[in-house]
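1. Pasting a predicted model and its sequence here:
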Amino acid sequence: MDDRKQRLHVEEDGRDGCRFFGREVADAAAMDLFGAPLEQHRIPFERGSRDLAERRRVADLLILKDPADNRREVFHDGESASDPFKPGRATTASPLSKPVSRACIT
């Protein structure tokens, strides 16, 4: 586990499934570089509100939809925790805690 304050965001809204997927970029300049071709190709996106950025614990974010209509949030400077991650229960017996796979399929 890394030092991010937030990796998962869970809200009860009466629906099943994921509401958004995040993608981190290095900094504000990288986020501007990410947005430039979107503007050039007239792909709709918007800058997230200050309130939303605070709830996501990031400095700033762009919001857009992918071709499958999934909400994507591109952000930079996610908050880091001051204390190392400590699991709420033992994880050594879990196959997920072992280096079985290095790939993530979405």
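-> Okay, I see it. Numbering: from 1, shown residues only.

2. Identify the residue nearest L33 in space, chain neighbours excluded?
-> Spatial nearest neighbour of L33, excluding adjacent residues (Cβ to Cβ, 6 or more residues apart in numbering): V25 at 8.0 Å. From N, CA and C alone the C-beta is placed, and that goes for glycine too.

3. List the contacts of that neighbour.
-> V25 makes contact with M31, L33, F34, V74, F75, H76 under the criterion Cβ atoms under 8 Å, 6 or more residues apart in numbering.

4. ok, 6 Å please
-> M31, F34, H76 (Cβ atoms under 6 Å, 6 or more residues apart in numbering).

5. out of the residues you listed, which one sits closest to R55?
-> H76 (15.7 Å; Cβ to Cβ).

6. neighbours around that closest one, how many?
-> 20 (other Cβ atoms under 10 Å).

7. With D32 instead?
-> 13.

8. so it sits in a helix?
-> Yes: D32: assigned to a helix according to DSSP: H, G, I helix; E, B strand; the rest coil.

9. Now the most centrally placed residue in the chain: which helix or strand?
-> Among the residues of the chain, G22 comes closest to the average C-alpha position under Cα atoms, centre = their mean, at 2.7 Å. According to DSSP states H and E, G22 maps onto strand 21-25.
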